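J.: Structure for this input, please:
(one chain, ligands or ions: 2)
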Amino acid sequence: MKHETQVELLNTVLAALETGRDAPIISEPVEVPVSRYLDQGVFDREMDTLFRDYPLVAGHASQVREPGSYILSPWDRFPYVVVRDKEGLLRAFLNVCRHRGAPIVSGKEEKLAAFICPYHGWTYNLDGSLRAMTRPFNFPGMECKDFGLHELPVAEHFGMVWVHPTPGAKMDVPAYLGEAISTDLEHFNIGGLARHRKTQVVKDANWKLLFKTYLDRYHVPTMHKNTLLEYYRDAVNAHTLHGPHIRTTAGLVSLPKAREVDPSKWNILNYASMLYTLFPSTLFIVHTNLVSINTFHPIAPDKTLWTHEMLYRPEEFEGEANQEILAKRFANIDWVFGNEDFGIAEKCQRNLAYGGNKTHVLGLEEGLLAVFQQSIDRITGVPAKKVIPLAVAQ
Ligand code: FES
Ligand SMILES: [Fe+2]
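T.: Residues are numbered from 1 along each chain as shown. Ligands and ions are numbered 1, 2, ... in the order given. Reported below is the predicted structural model:
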């Protein structure tokens with residue numbers, strides 16, 4: 001992140017600290033119909049648009065450095081495999097055999113020398129070409145060259161591997177993220193981090209109910225009074241909008257100390273955590289020595305696979321004792337998200353299904369939720385009342 005941006009964001013969040021309120025995002029309360037979280041038709045539209053037309057984060061670049069190393073999708077609705085092929089090229093394919101659709105990689109393989117389908121044994125090279133059909137006399141007139149795996153766009157940017165869900169789609173990750181977020185992510189040197197742990201859990205709530213807990217400053221003093229509030233001073237934030245993406249600067253308890261330091265010496269991560277909501281369903285949380293990546297993979301209107309991965313600066317967690325500290329940090333963060341945030345989201349989902357409330361009311365401090373929902377409504381084409389964000393679009 002450019003230093004001038006750090007100064008600008010810290011000044012904004014320090015101003016919020018003065019007033020005890022974030023700069024407003026919306027000027028009046030907004031109602032969101034609860035059908036957004038319940039309706040199968042809405043869900044299907046989201047799957048056909050949001051989850052077909054945008055790059056997704058597959059994993060950390062360190063996972064696919066060696067030929068044969070691979071990343072497998074955790075999500076049945078988008079079954080991809082990313083692999084480093086024998087020539088050193090990064091490739092991605094649908095994990096779907098061209099014969100009758102079986103998965104060609106199970107995840108148990110340590111490394112891949114080829115893709116061998118467990119059903120009838122068709123074998124593919126790591127470049128996706130079909131090497132051989134078993135008992136080929138079964139397929140007279142058919143040639144291997146016409147039955148390569150479906151290839152997907154894949155690229156490495158900002159230390160992460162990105163994959164596009166649609167074969168043949170054009171993928172330009174820096175253009176998709178925009179200049180400001182690309183510059184920030186470049187600066188954090190995520191490629192130089194090490195992987196600590198990744199968990200995946202199915203939650204009984206709509207993916208947006210889960211994701212919106214990260215956009216909601218309003219709940220922090222109540223729900224997290226015994227957990228996050230210890231770290232996030234008065235829960236003051238600054239937000240900027242970048243197309244459908246959102247950048248949030250979340251003031252830490254150390255924030256007032258910034259006033260005692262000359263701004264030319266500021267490192268924003270000493271005073272705030274940076275949150276990047278990457279549309280549609282990934283959140284990067286950047287701390288001084290950790291990055292936490294959360295992604296929501298919709299399964300059904302009321303069911304979502306949540307993945308949580310933590311990366312860390314290896315030089316700051318050397319030795320067994322430091323690794324234990326790291327493990328505790330991960331467990332704490334994972335617990336807060338998984339139990340406090342998503343626990344209440346699951347309960348809301350159950351209550352919404354009963355049918356008492358027709359809408360969710362969003363107050364001024366929940367403005368980001370309204371803006372995020374509006375981006376979704378615009379892209380899915382689900383009719384909605386217009387929200388005019390007050391936040392700076394950059
Ligand atoms: S489904 Fe793969 S070889 Fe038959
Ligand atoms: Fe929360």
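J.: Check which helix or strand the nearest residue to residue 78 once chain neighbours are set aside maps to.
T.: In space, residue 78 comes closest to residue 165 once its chain neighbours are excluded; the distance is 5.2 Å by Cβ to Cβ, 6 or more residues apart in numbering. The way it works is simple: take the backbone N, C-alpha and C, and place the C-beta from them, glycine included. Under the criterion DSSP states H and E, no helix or strand holds residue 165.
J.: quick one, what contacts residue 165?
T.: Contacts for residue 165 (Cβ atoms under 8 Å, 6 or more residues apart in numbering) come out as 51-54, 56, 78, 80, 152.
J.: Please apply the same query to residue 259.
T.: With contacts defined as Cβ under 8 Å, 6+ apart, residue 259 is in contact with residue 14.
J.: Can you report phi and psi for it?
T.: When quoted as degrees, to the nearest 10, the phi and psi of residue 259 stand at phi -60, psi -20.
J.: so how far is residue 234 from it?
T.: From residue 259 over to residue 234 the distance is 15 Å, taken as Cβ to Cβ, to the nearest Å.
J.: The chain against ligand 1: which residues are in contact?
T.: Listed as neighbours of ligand 1 in the chain under the rule Cβ under 6 Å from any ligand atom: 97, 99-102, 117, 119-122.
J.: let's see it at 5 Å
T.: Residues of the chain lying near ligand 1 by Cβ under 5 Å from any ligand atom: 97, 99-100, 102, 117, 119-120, 122.
J.: returning to that earlier point: list only buried entries from the contacts of residue 165.
T.: With neighbours counted using 16 or more other Cβ atoms under 10 Å, those contain these buried positions: 51, 54, 56, 78, 80, 152.
J.: mind listing which of those residues are in strands?
T.: Secondary structure assignment (DSSP state E) places 56, 80, 152 from these within strands.
J.: how about those in a markdown table, adding distance to residue 323?
T.: As requested, those are exported to a markdown table (distance: Cβ to Cβ, whole Å):
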| residue | distance to residue 323 |
| --- | --- |
| 56 | 29 |
| 80 | 31 |
| 152 | 35 |
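J.: just those now: which is nearest ligand 2?
T.: Comparing these against ligand 2 with Cβ to the ion places residue 56 closest, at 23.1 Å.
J.: Count residues in the vicinity of the closest residue in space to residue 39 that isn't next to it in sequence, would you?
T.: Distances taken as Cβ to Cβ, 6+ apart put residue 301 closest to residue 39, at 6.6 Å, once the chain neighbours are dropped. With neighbours defined by other Cβ atoms under 10 Å, the count for residue 301 comes to 23.
J.: And the pLDDT at residue 388?
T.: Turning to residue 388, the model gives it a pLDDT of 70.
J.: Kindly report the same for residue 63.
T.: So residue 63 comes in at 97 (pLDDT).
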